[in-house]
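Chemist: What follows is a predicted structure for the sequence shown.
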Amino acid sequence: MNQYLLPSLEVWQCRPDALVGDYFCHNIVLCNLDKEIVEQDIVGQANFAILGFQSDLGVRRNLGRIGAKSGPTVIRQFLSRLSIPSPKKCYDCGDVVVDSDESNSCDNLLLAQQMLAKYITRILQHQRALHTVPIILGGGHETAYGHYLGLLDAIEDDDIAILNFDAHFDLRP
């Protein structure tokens, strides 16, 4: 069963010599997309919101290398140690976790992409209050479709662009 996993500060570990505010890890605000976002929940203005998509289903279907499901956690761990020249808040909105049951992987993947879309729509609906843009951490290429569905639902203009960075840039003939 696919699920929404609440964000946690556990993965956001700073360097021991980090001065407060100088690193990414100091500027994370946790955001629960399952509850109504109210003014008190907004701490400063953020430039972006991170939402993870933990999935290996698309990678498995494309005969790729399994392990993309760990991507959101690992990316957060590396981001936390980066310095920020002018501190900005970043919302961590948790992860959509995809069930890896192969017996109904097509159904699970589509449902997971629809779930991802729902949470992206929520981020965008609160965009004026949060001053934020969603950044989706994957997963495999299947992240792009859920991202697209969420943008399509929240934005009236159908001129949508998605930039998808692949972890290993392997191009197949």
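Modeler: Structure received.
Chemist: Do you have the helices of this protein handy? List them.
Modeler: 57-61, 71-80, 105-125, 127-130, 143-154 (DSSP state H).
Chemist: Nearest the middle, which residue of the chain would you pick?
Modeler: Nearest to the geometric centre of the chain sits Leu51, at 2.0 Å (CA atoms, centre = their mean).
Chemist: contacting residues around it?
Modeler: 33, 93-96, 116, 119-120, 123, 134-137 (CB atoms under 8 Å, 6 or more residues apart in numbering). (Glycine included, C-beta is placed from N, CA and C.)
Chemist: same thing with Gln77?
Modeler: Val11, Gln13.
Chemist: what about 6 Å?
Modeler: Neighbouring residues of Gln77 by CB atoms under 6 Å, 6 or more residues apart in numbering: Val11.
Chemist: for Phe24, same thing?
Modeler: Leu79, Ser80, Leu82, Ile84.
Chemist: Any figure for the gap between it and Ile50?
Modeler: 10 Å (CB to CB, to the nearest Å).
Chemist: Thr121 too?
Modeler: With CB to CB as the criterion, Thr121 and Ile50 are 16 Å apart.
Chemist: Now Asp22: closest residue in space, sequence neighbours ignored.
Modeler: Excluding the flanking residues, the one nearest Asp22 by CB to CB, 6 or more residues apart in numbering is Ser83, at 5.6 Å.
Chemist: Find me the pLDDT at that neighbour, would you?
Modeler: pLDDT, Ser83: 82.
Chemist: Report the beta-bridge partner residues of it.
Modeler: Tyr23 (DSSP bridges).
Chemist: Can you get me a residue count around it?
Modeler: Close neighbours of Ser83, defined as other CB atoms under 10 Å, add up to 11.
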